[in-house]
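J.: Give the three-dimensional model of this entry:
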Amino acid sequence: MAKNSGAIRGPTIIDVAAQAGVSPMTVSRVINDRPGVGPETRQAVNEAIRALGYTPNVAARSLVTSTELRIGVVYSNPSAAFMSDFLTGVFEEASIRGARLILLKGGEGGRPPSVAELKALVASGIRGVILAPPLGESPVVLRALSKAGLPMAAVGAYDVEDAICVRIDDRRAAYEMTRELISLGHRHLGFILGNPDQAASGQRLAGFQDAVRETPGVTTVIAQGDFSFASGLGAAEQLLEATPPPTAIFASNDDMAAAAVSVAHRRHLDVPRELTVVGFDDTPAAVTLWPPLTTVHQPVRKLAAEALGLLTAEIARTSPDSPARREHVLEHEIVARQSTAPLSLG
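T.: Model prediction:
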């Protein structure tokens, strides 16, 4: 399996915020010389910038006009770890481009904001919108924003009319992970499906099934989840009640994979000696449990930053006769950790 390269990155706005003990938005205000920051806080931020050697990308910021660029960010996702990475990526890119973010959070479990809340967001003077999954495929959200004529960028979405879509190849990623499980000797596979209203869920299931069809003798059992930890608990229990139970479980995100590991521990099953578990996303959740998860690395921060960069370019575009490319696919990676092992025949 491929592993993360471990390439050294330069300091980011998040590092500066942590050093100064403030929020990324406060750092952004200081960098862009905006009001609303006290002198002591401003000094602390500037000292952190100097200490870390942080340098904002002035060239990228110059792409923004002198008029304040307000970008709406509409988000709601059952995975807190995913949302943390997503918002970090958006904040970092916004600081580079001198953009002001107007955040609108939907309801629990990925529910969209109300129409009234969306109208208020539009009325705030935003010039474009970033949509976090699953809201990039929400009819309520898309209708309200399309009616307003605002440029949109949707992360993790597929073929959304009037929106730039930034994602990975979910089907290929799931196929590659499933092939890894099969190569370890596993022939009874469990799969936990994500939110049925998200295209990425169907793509990941399709990739899983593509790999299974290539190998005779592989049996599968599938349980429905919704990308939340709680749904993963119920789905894992359902899979492990099957006859025969799977020797490996592939969950459609890390939160549900972590839930599967929890269920295995409760049943006194050793992971990975008696049950292999893999996930998808490579969020912080993948490395904060034992054993750390083998997972698909989806560059969530980079996806969010790319979406904001593309949206900014769309807003600045002056030639409507040459439409920008609408689908942008970034690379994924399989990251091997300690939650996988060859099938034990003992």
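J.: contacts, neighbours, all on C-alpha from now
T.: Will do.
J.: And the strands in this structure?
T.: With strands called from DSSP state E, the chain shows them at 69-75, 99-105, 128-131, 152-155, 163-168, 188-193, 219-224, 248-251, 276-281, 294-297, 327-330, 333-335.
J.: what residue lies at the spatial centre of the chain?
T.: Central residue of the chain (CA atoms, centre = their mean): V300, 4.0 Å from the mean position.
J.: ok, that one - contacts?
T.: Listed by CA atoms under 8 Å, 6 or more residues apart in numbering, the contact set of V300 reads 82, 85-86, 89, 281.
J.: Would you mind checking these for buried ones?
T.: Neighbour-count burial (16 or more other CA atoms under 10 Å) applied to the contacts of V300 gives 82, 85-86, 89, 281.
J.: Rebuild the strands of the chain as JSON lines, extending it with mean pLDDT and distance to L145.
T.: Converted to JSON lines, the strands of the chain look like this (pLDDT from 0 to 100; distance: least, CA to CA, whole Å):
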{"stretch": "strand 69-75", "mean pLDDT": "92", "distance to L145": "11"}
{"stretch": "strand 99-105", "mean pLDDT": "90", "distance to L145": "13"}
{"stretch": "strand 128-131", "mean pLDDT": "95", "distance to L145": "8"}
{"stretch": "strand 152-155", "mean pLDDT": "94", "distance to L145": "8"}
{"stretch": "strand 163-168", "mean pLDDT": "94", "distance to L145": "10"}
{"stretch": "strand 188-193", "mean pLDDT": "98", "distance to L145": "29"}
{"stretch": "strand 219-224", "mean pLDDT": "97", "distance to L145": "31"}
{"stretch": "strand 248-251", "mean pLDDT": "98", "distance to L145": "32"}
{"stretch": "strand 276-281", "mean pLDDT": "97", "distance to L145": "28"}
{"stretch": "strand 294-297", "mean pLDDT": "98", "distance to L145": "31"}
{"stretch": "strand 327-330", "mean pLDDT": "93", "distance to L145": "19"}
{"stretch": "strand 333-335", "mean pLDDT": "97", "distance to L145": "33"}
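J.: For those, give me JSON lines that also has distance to Y54.
T.: Shown next, in JSON lines, are the strands of the chain (distance: least, CA to CA, whole Å):
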{"stretch": "strand 69-75", "distance to Y54": "23"}
{"stretch": "strand 99-105", "distance to Y54": "18"}
{"stretch": "strand 128-131", "distance to Y54": "26"}
{"stretch": "strand 152-155", "distance to Y54": "27"}
{"stretch": "strand 163-168", "distance to Y54": "27"}
{"stretch": "strand 188-193", "distance to Y54": "41"}
{"stretch": "strand 219-224", "distance to Y54": "44"}
{"stretch": "strand 248-251", "distance to Y54": "38"}
{"stretch": "strand 276-281", "distance to Y54": "28"}
{"stretch": "strand 294-297", "distance to Y54": "26"}
{"stretch": "strand 327-330", "distance to Y54": "26"}
{"stretch": "strand 333-335", "distance to Y54": "28"}
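J.: low-scoring stretches of the stretch 51-200 of the chain, by residue?
T.: Along the stretch 51-200 of the chain, segments meeting pLDDT under 70 span 56-67.
J.: can you map out the helices along it?
T.: 58-61, 80-97, 115-123, 139-147, 170-183, 199-213 (DSSP state H, counting those that start in this stretch).
J.: Turn these into a markdown table, columns for distance to V45.
T.: As requested, the helices of the stretch 51-200 of the chain are arranged in a markdown table below (distance: least, CA to CA, whole Å):
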| stretch | distance to V45 |
| --- | --- |
| helix 58-61 | 18 |
| helix 80-97 | 14 |
| helix 115-123 | 30 |
| helix 139-147 | 36 |
| helix 170-183 | 39 |
| helix 199-213 | 39 |
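J.: Can you say which of these is nearest to V287?
T.: V287 lies closest to helix 80-97 among the helices of the stretch 51-200 of the chain, at 11.2 Å (CA to CA).
J.: ok so, going back, so which pair among the contacts of V300 is furthest apart in space?
T.: G89 and D281 (14.5 Å).
J.: partners of V335 in the sheet?
T.: T295 (DSSP bridges).
J.: Can you give me the separation between S146 and T283?
T.: 31 Å (CA to CA, to the nearest Å).
J.: between the two, which one's more packed in?
T.: T283 (26 against 14; other CA atoms under 10 Å).
J.: From M256, how far out is that one?
T.: Distance from T283 to M256, by CA to CA: 12 Å.
J.: Could you single out the nearest of the contacts of V300 to I315?
T.: G89 (19.3 Å).
J.: just checking, that closest one touches K302?
T.: Yes: contact between G89 and K302 holds when scored by CA atoms under 8 Å: they sit 6.2 Å apart.
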